[in-house]
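Asks: Here is a sequence with its predicted model. Questions after.
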Amino acid sequence: MARIGNYSTDTSVENTDKLLGSNAGGATRNFRVADITRFIKETNAAGASGQLVYSFESNEVQKSAGSFVGTFSTGTQFSKLTSIKVSKFPNGSSQPVAEFLATLVDKNIIMNDILNINNFGTYAVSAVTQDSNATDYYDIALTPVSSNGSLVDEQFYSIILYAGAASGDKTFKHTQSAESNTWTINHGLNKKPSVTVTTAATEAVVIGEVTYTNNNTLVVSFEAAFNGIAYLN
């Protein structure tokens, strides 16, 4: 074998390129760039601040370290998630992150497929609670804000703090398509916003009774059923 310094330099790196090295057992192996890249994504080996990576396991009974589970199956849309159970050990890590998980309360997070960033959900976190029966796991209560796509069994997903709007006060527009005298609004603004309601027919302002469930959900009650738009700020 020639000296490494005698080989020409290839500045065009591709996923199919191979690197020569030793595996954990000391055997010489080729390692594809694509496989190395995936390993870094699945374990956050690059050390991206505030990023947790978990594999989704659709069978809650078989949960393991580095995974998240819930009472839902593969194919569940991100918009349907209202809670997940996560390990205090992110995938590929022996360091517990319980204290960091506790800081997610009253904040927004984004969860996305590490191989397809367009497969995601953004949520407001209302509570993080340790599982009393499986103390290595924590239940995260979620209010869906926006999403696209659905979960795939044994796929890896990153969870990152999500700031939302970059500047200015946060607002939310709720469209009530079905006539109702009770509107439940999941806004994810992490505050108790003011509410202005207009009818769909005439855009007249209607006064209702606002009940704040928490900082991310509220209910507006009216004397009669109608449809329209609620503006929150």
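Replies: Noted; the coordinates are in hand.
Asks: The longest helix belonging to the chain: what's the following helix or strand?
Replies: Using DSSP state H, we find that the single longest helix of the chain is helix 33-43. Next along the chain after helix 33-43, taking DSSP states H and E as the criterion, comes strand 51-56.
Asks: what lines up beside that following strand in the sheet?
Replies: strand 67-69 (parallel), strand 156-161 (antiparallel) (DSSP bridges).
Asks: okay but residue 129 is in contact with residue 135, surely?
Replies: No. Using CB atoms under 8 Å, residue 129 makes no contact with residue 135, being 11.2 Å away. Where C-beta positions appear, they are placed from N, C-alpha and C, glycine not excepted.
Asks: Give me the more crowded residue out of those two.
Replies: Neighbours per residue, other CB atoms under 10 Å: of residue 129 and residue 135, the larger number sits with residue 129, 15 against 10.
Asks: which element is that one on?
Replies: Element membership for residue 129, per DSSP H and E: strand 116-130.
Asks: Just the buried positions in that strand, please.
Replies: 119-126, 128 (16 or more other CB atoms under 10 Å).
Asks: possible to save the strands paired with strand 51-56 as CSV with mean neighbour count and mean pLDDT?
Replies: Output for those, formatted as CSV (neighbours: other CB atoms under 10 Å; pLDDT from 0 to 100):
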stretch, mean neighbour count, mean pLDDT
strand 67-69, 22, 87
strand 156-161, 20, 92
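Asks: in a strand, that's where residue 5 is, yeah?
Replies: No. Residue 5: not assigned to a strand; according to DSSP: H, G, I helix; E, B strand; the rest coil it is helix.
Asks: what bridges to the most centrally placed residue in the chain?
Replies: Taking CA atoms, centre = their mean, the centroid of the chain lies closest to residue 111, which sits 2.1 Å from it. Beta bridges link residue 111 to residue 121, residue 159, judged by DSSP bridges.
Asks: re earlier: from the buried residues of strand 116-130, pick the one nearest residue 197.
Replies: Here the nearest of the buried residues of strand 116-130 to residue 197, counting by CB to CB, is residue 124; it sits at 21.3 Å.
Asks: which residues does that closest one contact?
Replies: Contacts for residue 124 (CB atoms under 8 Å, 6 or more residues apart in numbering) come out as 106-108, 142-143, 145, 186, 188-190, 215-216.
Asks: what residue ranges in the chain score low on pLDDT?
Replies: Scanning the chain for pLDDT under 70 picks out 1-2, 45-49, 60-63, 163-169.
Asks: Can you show me the strands along it?
Replies: Using DSSP state E, the strands of the chain run over 18-22, 28-32, 51-56, 67-69, 83-87, 108-113, 116-130, 137-148, 156-161, 172-186, 195-199, 205-206, 209-214, 217-232.
Asks: and the protein, what are its domains?
Replies: 15-46, 49-161, 172-232 (automatic domain parsing).
Asks: ok so, going back, in CSV: the strands paired with strand 51-56, plus distance to residue 57.
Replies: Formatted as CSV, the strands paired with strand 51-56 follow (distance: least, CB to CB, whole Å):
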stretch, distance to residue 57
strand 67-69, 5
strand 156-161, 11
